[in-house]
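Colleague: Structure here, sequence nowhere to be found:
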């Protein structure tokens, strides 16, 4: 890797004007520290490059925001708001009407109230006369009177959970098989190559459609009783996640295999072998740490595919089942209302767009950071 | 070249066997007994045995798989579980021309726009044309096709409401017919389906073209004093197109997945829509048939790509 010398030296020039004699000792210490900083590890250099990539940093910010929103949003959201006198369910608090599954059938298809600030021709009296919405639902409600913001937070949570699940399998299986295939070659390598060919023949989501189409209904019944992961129509996600991981890991294994093939010819491996290090130890201590960059980049880009895959399969009606929520399910639920209430379909689509682009840009940024020469 | 193709062909057979095996096994071990479900409350042991025999479900695993493989060559995918006595192919066959039409025009559009755009980007590398088109392409490539479909629908609805236009939001005209009303409903889905592959193709063309423009023979051509147009179209472009021959298989993959979403969102009566319907009824044979059909189509697309590649690239012929 070639460090771009012009940039890496500039930020560490100490401001000498502020120094007194008594500071001299520490300054010398700092100088030593600087010299160590100059010979930063390749990983630190990459992180510095990433730190200068504004688009990647913004993406990280957006991703963190969405994750925090999904994890802690519902907790606060269900504590904000007064008691609502529901004509159907009686007086209910925000811990009821701010959940993603509560249906308030008298409050269907509402726009959020702040939208009306942009309509200057509507006075407050007008709004009251037309019974336009209060501030109760921050992003409005869908066709069954469910809170869109609550459903969105649940949908993002689902996206993140599935992405995490798939990535654990992807990275675990990908690294194990990839290293073995690259380091030992032979039978494992052959099997991996053939298996990858077969998996690649299933274009895109076709395999997931096959698995979920055949096993989905079974999963609804058999796994529906498992608390948290099975309840609320999420049972199929387990099947979908397994299918997504099954399709994803061969590609990871291929990347790892390629990298291992290169690494194993390097001198430090030869050196390790000369002093009698066992193969297992070479794989664990000398090859695996060097795979870090390629695995991080590949898994970030794979998260994009996973999030799209989960949303897509739910959109097709083969993923999360109602009353559960998923971004894809929200899009498909709002589809019949696209002519009358476009807001309901725009919100989840827009959020998905931002979320996917953030991961995509982050993956791009990471790739550039780890391998600056890889640009076209 | 013959050796190369034979090797590819053997690989193809292997992949097809793998794909059919996975698809078949998935259905074989599917939970629940379809025949039992079909009979419902009219359960009768004799009838049950008869039906089971009619569907071939009383045979051992390998025999069933063998029948499944044999059937593929005759477009015989067995009988539907949902509609008694109705062959699977009958359910799918009306959808095939529709899906094929959607995919075909998307592929054509993708090539007609993607390649020139990629060339333009490469020739104007690092100018504003290049940076803008590459930024757009990056966004298009990252986003799934259904996002564009949704945005498109919302825009069409908005235009229809505000201008009184009658542009259709969904549905498909008569397959392979192009009157104005047919075109109206077809243009949208086709353009959207082309987008994803288009982004990929544009990026690839640009990379390939930039690579070729750096070659010595391009410099030689310029040094000879040839006109820039001849250098680009005769010397550079021809060579830049060689790696693009391999893209057909990949584009087909993108298009196949995209078809499912577009058929679902735009209510197009293709095989994707039929398969999704079948999934709701747990009509496995239909799902299996679609998956095998599409996977084999993609594999054959890959083979055609390889053949094209050997035809356009003189270096492979020599081997």
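Modeller: Done, it's in. These figures come from a predicted structure and were not determined experimentally.
Colleague: tell me which residues in the helix or strand where residue B:221 lies are buried?
Modeller: Assigned by DSSP states H and E, residue B:221 belongs to helix B:216-223. Buried residues in helix B:216-223, counted by 16 or more other C-beta atoms under 10 Å in any protein chain shown: B:218, B:221. In short, each C-beta sits where N, CA and C put it, glycine included.
Colleague: Could I get the contacting residues of residue B:154?
Modeller: Contacts for residue B:154 (C-beta atoms under 8 Å, 6 or more residues apart in numbering or on different chains) come out as A:338, A:342, A:345, A:346.
Colleague: From these, list the ones also adjacent to chain B.
Modeller: The subset of the contacts of residue B:154 within reach of chain B, by C-beta under 8 Å from any C-beta of the partner chain, is A:338, A:342, A:345, A:346.
Colleague: Count the neighbours of the second one for me.
Modeller: As a burial measure, residue A:342 scores 18 neighbours (other C-beta atoms under 10 Å in any protein chain shown).
Colleague: repeat for the first one
Modeller: In terms of burial, residue A:338 registers 20 neighbours under the definition other C-beta under 10 Å.
Colleague: so which pair among the ones next to chain B among the contacts of residue B:154 is furthest apart in space?
Modeller: A:338 and A:346 (9.2 Å; C-beta to C-beta).
Colleague: Can you work out which residues contact both of these two?
Modeller: With C-beta under 8 Å, 6+ apart as the test, residue A:338 and residue A:346 both reach B:150, B:154.
Colleague: dump the residue contacts of residue A:181.
Modeller: A:188, A:189, A:192, A:253, A:257, A:260.
Colleague: If I look at the third one, what pLDDT would I see?
Modeller: Right, residue A:192. Per-residue confidence (pLDDT) for residue A:192: 86.
Colleague: Would you agree it is in contact with residue A:253?
Modeller: Yes: with contact defined as C-beta atoms under 8 Å, residue A:192 and residue A:253 form a contacting pair (5.8 Å).
Colleague: those strands in chain B, which residues are they?
Modeller: Counting by DSSP state E, chain B has no strands to list.
Colleague: Also the stretch 1-150 of chain A?
Modeller: Along the stretch 1-150 of chain A, the stretches classed as strands by DSSP state E, counting those that start in this stretch are A:84-86, A:90-92.
Colleague: do stretch B:283-299 and chain A meet?
Modeller: Yes: residues of stretch B:283-299 contacting chain A under C-beta under 8 Å from any C-beta: B:284, B:287, B:288, B:291, B:294, B:295, B:298, B:299.
Colleague: Help me confirm that the second one comes into contact with residue B:276.
Modeller: No: counting by C-beta under 8 Å, residue B:287 does not reach residue B:276; the two are 9.1 Å apart.
Colleague: Looking at those two now, which is surrounded by more residues?
Modeller: residue B:287 (27 against 20).
Colleague: who touches the more buried one in this structure?
Modeller: A:209, A:210, A:213, A:214, B:27, B:275, B:278, B:279.
Colleague: Dump the ones next to chain B among the contacts of residue B:154 into CSV; add secondary structure as well.
Modeller: Formatted as CSV, the ones next to chain B among the contacts of residue B:154 follow (DSSP: H, G, I helix; E, B strand; the rest coil):
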residue, secondary structure
A:338, coil
A:342, helix
A:345, helix
A:346, helix
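Colleague: Go through the longest helix anywhere in chain B and flag the buried ones.
Modeller: Identified as the longest helix of chain B according to DSSP state H is helix B:180-213. Using 16+ other C-beta under 10 Å as the burial criterion, the residues of helix B:180-213 that qualify are B:185-186, B:188-210, B:212-213.
Colleague: before we move on, the earlier item: quick check: neighbours shared by residue A:192 and residue A:253?
Modeller: With C-beta under 8 Å, 6+ apart, residue A:192 and residue A:253 have common neighbours A:177, A:178, A:181.
Colleague: Mean confidence (pLDDT) on the one helix or strand residue A:151 maps to, please.
Modeller: In the assignment (DSSP H and E), residue A:151 maps to helix A:148-184. In this model, helix A:148-184 has a mean pLDDT of 91.
Colleague: and if you look at stretch B:107-119?
Modeller: Mean predicted lDDT for stretch B:107-119 stands at 90.
Colleague: That one near chain A at all?
Modeller: No: residues of stretch B:107-119 contacting chain A under C-beta under 8 Å from any C-beta: none, with a closest distance of 11.2 Å.
Colleague: Run the chain-centre distance for that stretch.
Modeller: Centre-to-centre, stretch B:107-119 and its host chain are 16 Å apart (C-alpha atoms, centre = their mean, to the nearest Å).
Colleague: Just give the number of residues close to the residue nearest to residue B:120 when sequence neighbours are not counted.
Modeller: Using C-beta to C-beta, 6 or more residues apart in numbering or on different chains and skipping residues adjacent in sequence, the residue nearest residue B:120 is residue B:129, 6.5 Å away. Residue B:129 is flanked by 14 other residues according to other C-beta under 10 Å.
Colleague: who's in contact with the nearest residue to residue A:205 once chain neighbours are set aside?
Modeller: Nearest residue to residue A:205, sequence neighbours excluded (C-beta to C-beta, 6+ apart): residue B:257, at 5.0 Å. Residues in contact with residue B:257 (C-beta under 8 Å, 6+ apart) are A:203, A:204, A:205, A:206, B:145.
Colleague: residues contacting the third one?
Modeller: Residue A:205 sits next to A:309, A:312, A:313, B:257, B:260 when contact means C-beta under 8 Å, 6+ apart.
Colleague: Okay, buried residues for stretch B:157-172 please.
Modeller: B:157, B:168, B:169, B:170, B:172.
Colleague: In helices, which of these appear?
Modeller: Judged by DSSP H, helices contain the following of those: residue B:157.
Colleague: if we take the buried residues of stretch B:157-172, which one ends up nearest to chain A?
Modeller: residue B:157 (4.8 Å; C-beta to the nearest C-beta).
Colleague: The closest residue to the closest one other than its chain neighbours: neighbour count?
Modeller: Excluding the flanking residues, the one nearest residue B:157 by C-beta to C-beta, 6+ apart is residue A:339, at 4.8 Å. Neighbours of residue A:339 under the rule other C-beta under 10 Å: 15.
Colleague: got it, and the one 10 residues further on?
Modeller: Other residues near residue A:349 number 25, with proximity taken as other C-beta under 10 Å.
Colleague: give me every residue that touches it.
Modeller: So residue A:349 contacts A:331, B:147, B:150, B:151 (C-beta under 8 Å, 6+ apart).
Colleague: what residue lies at the spatial centre of chain B?
Modeller: residue B:256 (2.8 Å; C-alpha atoms, centre = their mean).
Colleague: What separation is there between that residue and residue B:191?
Modeller: 17 Å (C-beta to C-beta, to the nearest Å).
Colleague: tell me which parts of the stretch 101-250 of chain B are close to chain A?
Modeller: Checking the stretch 101-250 of chain B against chain A by C-beta under 8 Å from any C-beta, the hits are B:138-139, B:142-144, B:146-147, B:150-151, B:153-154, B:157-158, B:160-161, B:169, B:206-207, B:210.
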